[in-house]
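A.B. asks: The sequence and its predicted three-dimensional model are supplied below.
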Amino acid sequence: MNTVKIQEPQKRDHWGSKIGFIMAAAGSAVGLGNIWKFPYTAGENGGGAFVFIYLIFIVLIGFSVMLTEFALGRRRQLAAVGAFKSEDRRWTFVGIIGVLSGFLIMGFYPVVGGWALAYIFKVTGGLLNTPELIGSTFEGFITNPVIPLVWMVAYLVMNIAIVSKGISSGIEKAGKVLMPLLFVILIIIALKGLTLPNSFEGVKFLFKPDFSKMTGKVVLAALGQAFFSLSLGMGCMITYGSYLEKKENLVSTTGVITAMDTGVALLAGLAMFPAMFAFGIAPTEGPGLVFVVVPALFAEMGGLGTIFATLFFVALTVAALTSSVSLLEVVTSYLIDEKKFTRMRAVVSASSVMVVLCILSSLSLGGLGPQLFGKGAFDVFDLLTDKIFLALGGMLICIFAGWRIKKEDLFNEITNGGTLKYGFLNFWYLLVKYVIPVTILVVAVNGILEGFQTGAGPVMLIGIGLMAFLASVSKKL
């Protein structure tokens, strides 16, 4: 076992350049949570007050947890499972939770990615010509038992094509193209929205805090968004960190990636809210914002609407793709590191299981397929990951870093053997060791209680039970 650990870093693929790693890791963080979830969550929680708290949590918690994950991955040059197993076999289950989260998220994420891909062609095919039918069109599309599966497969094939080429030749090259493309498209759409009459009211809604709306619910929503939008707690950043050279500056790259992720979320808000206020559309439309409200919004723009709607759904597809590629890599790297699969065999094996899960998820939206306590596969996978595995996984990562690894060893990894000096590391360590685990636990408990209130209690208990089982048998994993 010791021989394998010593040789593993020498065989391991690495990022070809710092910019390549930054683009890929930022792409992992940027996903549907930035362009889909951030705008509607901000709209439902008072706009500026929510954004103000969200930015504070991004700086204090998001940055800290991401830096921790990069350090854990690079320390042993092993991905999610190996990073924990090499330190203490009793903690192997935390890495397993990350891999399992990747599997379950990829059991429904490509379904939504397929929707985004399909809508590129729907808006160019005349969808905006009949704005009164946009809502029923979306409902009919996602409940169809066949058509969404075709788009899901097409989307997943794009993921396979990128991940099968490896780190430097596949994921890195894709990130260098897709991330700049995403920023350019969002900037174009945001600038267009700002030229519309009354658009400044949307800017004020987004950035001018109304502290009278700062309730406990808003704070918890902002904390949850800050944590989940950075792809934390699911093994992605540990895995990407494992491909980093020891000479790379973890602190500066973490700062750039966090800023890029936050920038995309704010740009998505600027791409929507100014135009929504200009056309008198309420900012509290909820989860249907992207596929129902946004097309209706662009339909109001007339001839140029189709062009901007097409750009928007290209951006949405790109954001989804850069994120799902990292999730597929989490599972792929586990099979390569722990099961000694070749990369192609690992990608094909992981993707084959994901296709089955995605089929169940897509069919469940039309009322087909198996149900678990009244919940379809799509909802079950979403609940288990969003409410249980990601939050508790992130909490355990911080506990592991703060209580299992020596402070000196952790600092040594972050400072590249003491060659870099940072005055804030003691404060960061206190956050990781004490503050962040408790804060994340509050979010997790709140999410679990919400689950019970909405009838998902049995699914929550299954998730907690599974985590407890993995912890009890972790030495054998």
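C.D. replies: Yep, it's here.
A.B. asks: Give the rounded mean pLDDT of stretch 249-261.
C.D. replies: Average pLDDT, stretch 249-261: 94.
A.B. asks: then it to CSV, C-alphas only?
C.D. replies: Only the C-alpha atoms of stretch 249-261 are listed here, as CSV (Å, rounded to 0.1, in the frame of the first residue of the first chain):
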residue,chain,number,x,y,z
ASN,A,249,0.0,29.2,-5.3
LEU,A,250,-3.1,27.8,-3.7
VAL,A,251,-4.3,31.0,-2.1
SER,A,252,-4.1,33.2,-5.1
THR,A,253,-5.7,30.6,-7.4
THR,A,254,-8.5,30.0,-4.9
GLY,A,255,-9.2,33.8,-4.7
VAL,A,256,-9.4,34.1,-8.5
ILE,A,257,-11.7,31.1,-8.9
THR,A,258,-14.0,32.3,-6.1
ALA,A,259,-14.1,35.8,-7.7
MET,A,260,-14.9,34.3,-11.2
ASP,A,261,-17.7,32.2,-9.8
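A.B. asks: For that stretch, which residues meet the burial criterion?
C.D. replies: Across stretch 249-261, burial judged by 16 or more other Cβ atoms under 10 Å covers N249, L250, V251, T253, T254, V256, I257, T258, M260, D261. Every residue, glycine included, has its C-beta placed from N, CA and C.
A.B. asks: Could you export those as CSV, including secondary structure and distance to K176?
C.D. replies: Converted to CSV, these look like this (DSSP: H, G, I helix; E, B strand; the rest coil; distance: Cβ to Cβ, whole Å):
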residue, secondary structure, distance to K176
N249, coil, 19
L250, helix, 20
V251, helix, 22
T253, helix, 15
T254, helix, 19
V256, helix, 14
I257, helix, 14
T258, helix, 19
M260, helix, 13
D261, helix, 17
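A.B. asks: Pull out the buried positions in stretch 396-408.
C.D. replies: For stretch 396-408, burial by neighbour count (16+ other Cβ under 10 Å) applies to L396, I397, C398, I399, F400, A401, G402, I405.
A.B. asks: Next: stretch 102-120.
C.D. replies: For stretch 102-120, by 16+ other Cβ under 10 Å, it's 102-120.
A.B. asks: Now, the residues you listed that are in helices?
C.D. replies: In this view, these that belong to helices under DSSP state H are 102-105, 109-120.
A.B. asks: pLDDT weak spots in the stretch 151-300 of the chain?
C.D. replies: Within the stretch 151-300 of the chain, the stretches with pLDDT under 70 are 228, 284-288.
A.B. asks: ok, which stretches of it are strands?
C.D. replies: Using DSSP state E, counting those that start in this stretch, no strands are found in the stretch 151-300 of the chain.
A.B. asks: for the longest helix along the chain, which positions count as buried?
C.D. replies: In the chain, assigned by DSSP H, the helix with the most residues is helix 303-339. Using 16+ other Cβ under 10 Å as the test for burial, helix 303-339 gives 305-338.
A.B. asks: follow-up on the earlier one: just the closest of the ones in helices among the buried residues of stretch 102-120 to H14, please.
C.D. replies: Checking these against H14 with Cβ to Cβ, the nearest one is G102 at 21.0 Å.
A.B. asks: Could you list which residues are in contact with the closest residue to the closest one other than its chain neighbours?
C.D. replies: Closest residue in space to G102, ignoring its immediate chain neighbours: V330 at 3.9 Å, by Cβ to Cβ, 6 or more residues apart in numbering. The contact partners of V330, taken as Cβ atoms under 8 Å, 6 or more residues apart in numbering, are A79, A80, G98, V99, G102, M234, G235, C236, T239.
A.B. asks: hang on, the earlier thing: going by distance to L461, which of the buried residues of stretch 249-261 wins?
C.D. replies: Nearest to L461 among the buried residues of stretch 249-261, counting by Cβ to Cβ, is D261 at 32.4 Å.
A.B. asks: which residues touch the closest one?
C.D. replies: Applying Cβ under 8 Å, 6+ apart, the residues near D261 are A26, A29, V30, N34, G62, S229, L230.
A.B. asks: Tell me which of those residues fall in helices.
C.D. replies: Counting by DSSP H, the contacts of D261 place A26, A29 in helices.
A.B. asks: Least confident of the contacts of D261?
C.D. replies: S229 (76).
A.B. asks: if I look at the residue positioned nearest the centre of the chain, how far off is G31?
C.D. replies: Nearest residue to the geometric centre of the chain (Cα atoms, centre = their mean): S231, 3.8 Å. Going from S231 to G31 by Cβ to Cβ, to the nearest Å gives 7 Å.
A.B. asks: related to what we said a few turns ago, now, the buried residues of stretch 396-408 that are in helices?
C.D. replies: Among these, the members found in helices (DSSP H) are L396, I397, C398, I399.
A.B. asks: just those now: which is nearest L182?
C.D. replies: Looking across those and measuring by Cβ to Cβ, the closest to L182 is I397, at 27.2 Å.
A.B. asks: Go ahead and confirm the closest one touches T68.
C.D. replies: Yes. If you go by Cβ atoms under 8 Å, I397 and T68 touch, sitting 6.3 Å apart.
A.B. asks: In terms of helices and strands, where is A24?
C.D. replies: Using DSSP states H and E, A24 falls within helix 18-29.
A.B. asks: Pull out the buried positions in stretch 341-351.
C.D. replies: Using 16+ other Cβ under 10 Å as the burial criterion, the residues of stretch 341-351 that qualify are F341, R343, A346, V347, A350, S351.
A.B. asks: Go through these and name the one nearest G193.
C.D. replies: Distance to G193, by Cβ to Cβ, is smallest for S351 among these, at 37.4 Å.
A.B. asks: and stretch 27-38, C-alpha only, in CSV?
C.D. replies: C-alpha atoms of stretch 27-38 as CSV (Å, rounded to 0.1, in the frame of the first residue of the first chain):
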residue,chain,number,x,y,z
GLY,A,27,-15.8,26.0,-14.6
SER,A,28,-16.4,23.4,-12.0
ALA,A,29,-17.7,26.0,-9.6
VAL,A,30,-19.8,27.8,-12.2
GLY,A,31,-22.9,25.8,-13.1
LEU,A,32,-26.6,25.9,-13.1
GLY,A,33,-26.5,27.2,-9.5
ASN,A,34,-25.0,30.5,-10.8
ILE,A,35,-27.2,31.2,-13.8
TRP,A,36,-30.4,29.4,-12.8
LYS,A,37,-30.5,29.2,-9.0
PHE,A,38,-28.8,32.5,-8.0
